[in-house]
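*Asks:* I need the structure of the sequence given here:
(one chain, ligands or ions: 1)
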Amino acid sequence: MIDLRTDYVGLKLKNPFIAAAAGITGSLHQLKKAEESGIAAVVLKSYFQKSVCRRSPTPHFALLQSGHGRVRATTLYSYEQASERDLDGYAQLIREAKESLSIPIIASINCFNEEGWQQAARAVEEAGADAVELNLSCPHGVHLMEGRDLVKELAATTAFVRSLVSIPIIPKLTPQMSSPLALALAVEKQGASAMVCFNRFTGLEINLETLEPILHGGYAGHGGPWSLYYNLRWLSEIAPCVKVPISASGGVWTGQDAAKYLLAGATTVQLCSVIVAEGYGAVSRIIRELEDYMAQKGFSDLGQLRGKLGKIRTMEEVDRTQRIVAEVEEEKCTGCGNCVRVCIYNAISLEDGKAVVNELCQGCGLCREVCPTKAIYYVDVGERK
Ligand SMILES: Cc1cc2nc3c(=O)[nH]c(=O)nc-3n(C[C@H](O)[C@H](O)[C@H](O)COP(=O)(O)O)c2cc1C
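*Replies:* Model (predicted):
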């Protein structure tokens, strides 16, 4: 029996999965679907002080495929902005959600001045929110801070909101910085109870017929399964440096993705674009996949997994002595030539319809990656001279 229970900012969660702030958590109907899916908590779609953001243009979603041939990345590209509700309506939604649901309800607010933060933070606390995310990272607004000291301003906002409410406050960080670590340290110092790493990136897609940006005509939120690796890189650096819990967000589409964030030190894992693309049914699959992974590794609870990522080596610590070279399992090779095309060392050729490796092989690893029949393997030929 796998025990997925976890504590997060004083909340007892039945598993580490939280529905992230988005249209998937924008109405009572959506919140009920979230609870039925087996998710452990929800973050409501953000309230925005800036009222122009409360009505999203139509259409506001595009599923983009970049790359070519078999090598493709999916982007959920969107300009879905704020909750449509004003502050009174948002507080009402919190009250209704608290009445109808038994899982924790986390509010999310995005404001542009002290008055706005004060009114919103107090309103969501009074309405009964279990915690509040400070959406300091909306991809539609981050670029507006260009030229300003983001770390200083967001730390000051965290300190200000901390002084206003007693519920847990959880700044949601942007990944669009030269060092998200500096931001994480700054918000922790100013009293953050936890932090979300991370919101989405800002992107631009161009319609080649009209020569205009697609959808509404501007920049849009740009996320998808590809963002896992960048976010994981920064989360793994932030986690050992902060004491507060981290809620991972970005690119989680499978239980294995979630396991990676937990290994890197996350306490909870948020799901968003996978639910937008597949519906709430994705949640039970992801929970099952995490349980299966844990069972296979012999982990019975999250404590045995969390933060157990192996050492991340520095440039000096990387082992450069080992030498491996490629070999081909002749029976499996179909002579497709993928390996020949990708080899920049001129180390593979086709002979009689089969791949043959020569002494120029540098053991780079790419031919094995592109072989569709797994005909290429590596042999260790000892230390490099
Ligand atoms: C359509 C859409 C709307 C979103 N709206 C919000 C929002 O209102 N507030 C917020 O903090 N994050 C918002 N996000 C960001 C998500 O909460 C999440 O952090 C992000 O999408 C990364 O996770 P994912 O890769 O699982 O989608 C939104 C994301 C999407 C896709």
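
*Asks:* residues touching the residue nearest to residue 328 when sequence neighbours are not counted, list them.
*Replies:* Leaving aside its sequence neighbours, residue 328 sits nearest to residue 355 (C-beta to C-beta, 6 or more residues apart in numbering; 4.8 Å). For the C-beta atoms, the positions are set from N, CA and C on the backbone; glycine is no exception. Taking C-beta atoms under 8 Å, 6 or more residues apart in numbering, we find residue 355 in contact with 328, 333, 335, 337, 339, 340, 348, 349, 367, 375, 376.

*Asks:* ok, now which ones touch the nearest residue to residue 308 once chain neighbours are set aside?
*Replies:* Spatially, and ignoring its direct neighbours in sequence, residue 308 is nearest to residue 263 (5.5 Å; C-beta to C-beta, 6+ apart). Listed by C-beta under 8 Å, 6+ apart, the contact set of residue 263 reads 305, 306, 307, 308, 309.

*Asks:* the second one: what's it in contact with?
*Replies:* When you say that, I think you mean residue 306. Residue 306 touches 262, 263, 265, 266, 267, counting by C-beta under 8 Å, 6+ apart.

*Asks:* likewise the third one?
*Replies:* When contacts are counted by C-beta under 8 Å, 6+ apart, residue 307 is found next to 239, 240, 263, 264, 265.

*Asks:* return the residues of the stretch 1-150 of the chain in contact with the ligand.
*Replies:* Residues of the stretch 1-150 of the chain lying close to the ligand by C-beta under 6 Å from any ligand atom are 20, 21, 22, 23, 45, 46, 76, 78, 80, 108, 135.

*Asks:* quick revisit: put the buried members of the contacts of residue 355 into a ChimeraX selection.
*Replies:* Command for ChimeraX that selects the buried part of these, burial taken from 16 or more other C-beta atoms under 10 Å:
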select :328,333,339,340,348,367,375,376
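
*Asks:* now, which of the contacts of residue 355 lie within strands?
*Replies:* 328, 348, 349, 376 (DSSP state E).

*Asks:* which members of those are the farthest-apart pair?
*Replies:* Using C-beta to C-beta, the two most remote members of the ones in strands among the contacts of residue 355 are 349 and 376, lying 13.7 Å apart.

*Asks:* report pLDDT for residue 199.
*Replies:* pLDDT, residue 199: 95.

*Asks:* all helices for the stretch 101-250 of the chain, in order.
*Replies:* Listed in chain order, the helices of the stretch 101-250 of the chain (DSSP state H, counting those that start in this stretch) span 114-127, 150-162, 180-189, 227-238.

*Asks:* which secondary structure elements does the second one sit against?
*Replies:* Pointing back at helix 150-162 there. helix 114-127, strand 131-135, strand 169-173, helix 180-189 (3 or more C-beta pairs under 8 Å, 6 or more residues apart in numbering; DSSP states H and E).

*Asks:* which SSE is the closest residue to residue 2 other than its chain neighbours in?
*Replies:* Residue nearest to residue 2 in three dimensions, not counting chain neighbours: residue 291, with 4.5 Å by C-beta to C-beta, 6+ apart. Assigned by DSSP states H and E, residue 291 belongs to helix 282-297.

*Asks:* buried sites along that helix?
*Replies:* 282, 283, 286, 287, 289, 290, 291, 293, 294.

*Asks:* can you redo those as CSV with pLDDT and distance to the ligand?
*Replies:* Listed next are the buried residues of helix 282-297 as CSV, based on pLDDT from 0 to 100; distance: C-beta to the nearest ligand atom, whole Å:
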residue, pLDDT, distance to the ligand
282, 98, 10
283, 98, 12
286, 98, 11
287, 98, 15
289, 98, 15
290, 98, 15
291, 98, 20
293, 98, 18
294, 98, 21
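
*Asks:* I'd like these as a markdown table, with distance to residue 130 appended.
*Replies:* What follows is the buried residues of helix 282-297, written out as a markdown table (distance: C-beta to C-beta, whole Å):
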| residue | distance to residue 130 |
| --- | --- |
| 282 | 24 |
| 283 | 19 |
| 286 | 22 |
| 287 | 21 |
| 289 | 27 |
| 290 | 23 |
| 291 | 25 |
| 293 | 29 |
| 294 | 27 |
